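Peer 1: fold the following, please.
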Amino acid sequence: MKKSTRKRKNFLPALLITLLSWTAWLLVFLKVAPSGFLAFLIFYISFFLANFLTLALLLGNSRRGLLISVFTIIFLLLRQFKLTSVLSLIFLTASFFSIEIYFSRR
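Peer 2: Residues are numbered from 1 along each chain as shown. All right, here's what the predicted structure looks like:
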């Protein structure tokens, strides 16, 4: 009988890419001065990539990793522009739960 569980063959390359992306984010975080728009763009892109790859590996689901990473980036952007409140956090969380439920039923 064949096992119904699928072995993940690409774990090591994914882990190396994840570690590389966290290293890149750390270098951006420590070495780049937050003086312009490009610095913030590089920071958010590198953080999104590192967060997405880590969560996709930990959860074993790329869609959930993507949703949580987008949620995190949007929340950080709202905090940067001082637009956070409890209501915005509740709305953002409810939106992402709705999207997750919608895609999990399809």
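Peer 1: going forward, measure contacts between C-alpha atoms and count neighbours the same way
Peer 2: Fine.
Peer 1: what packs against the host helix or strand of Thr72?
Peer 2: Using DSSP states H and E, Thr72 maps to helix 62-80. Contacts defined by 3 or more C-alpha pairs under 8 Å, 6 or more residues apart in numbering; DSSP states H and E place helix 62-80 against helix 37-59, helix 86-105.
Peer 1: mean pLDDT and distance to Thr18 added to those, as CSV?
Peer 2: Below are the helices and strands packed on helix 62-80 laid out as CSV (pLDDT from 0 to 100; distance: least, C-alpha to C-alpha, whole Å):
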stretch, mean pLDDT, distance to Thr18
helix 37-59, 94, 6
helix 86-105, 94, 24
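Peer 1: comparing these, which comes out most buried?
Peer 2: Most buried of the helices and strands packed on helix 62-80, by mean neighbour count (mean count of other C-alpha atoms under 10 Å): helix 37-59, with a mean of 18.
Peer 1: how big is the angle separating that one from helix 62-80?
Peer 2: The directions of helix 37-59 and helix 62-80 differ by 140 degrees, with axes from the mean of the first three to the mean of the last three C-alpha atoms, to 10 degrees as the criterion.
Peer 1: and stretch 31-42, C-alpha only, in PDB?
Peer 2: Provided in PDB are the C-alpha atoms of stretch 31-42 (Å, rounded to 0.1, in the frame of the first residue of the first chain):
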ATOM      1  CA  LYS A  31      22.700  48.900   7.700                       C
ATOM      2  CA  VAL A  32      20.200  51.000   5.700                       C
ATOM      3  CA  ALA A  33      19.200  54.400   7.100                       C
ATOM      4  CA  PRO A  34      15.400  55.000   6.900                       C
ATOM      5  CA  SER A  35      15.700  58.300   5.000                       C
ATOM      6  CA  GLY A  36      13.700  57.800   1.900                       C
ATOM      7  CA  PHE A  37      10.900  55.900   0.200                       C
ATOM      8  CA  LEU A  38      13.200  53.400  -1.300                       C
ATOM      9  CA  ALA A  39      14.600  52.400   2.100                       C
ATOM     10  CA  PHE A  40      11.100  51.700   3.400                       C
ATOM     11  CA  LEU A  41      10.200  49.800   0.200                       C
ATOM     12  CA  ILE A  42      13.200  47.600   0.500                       C
END
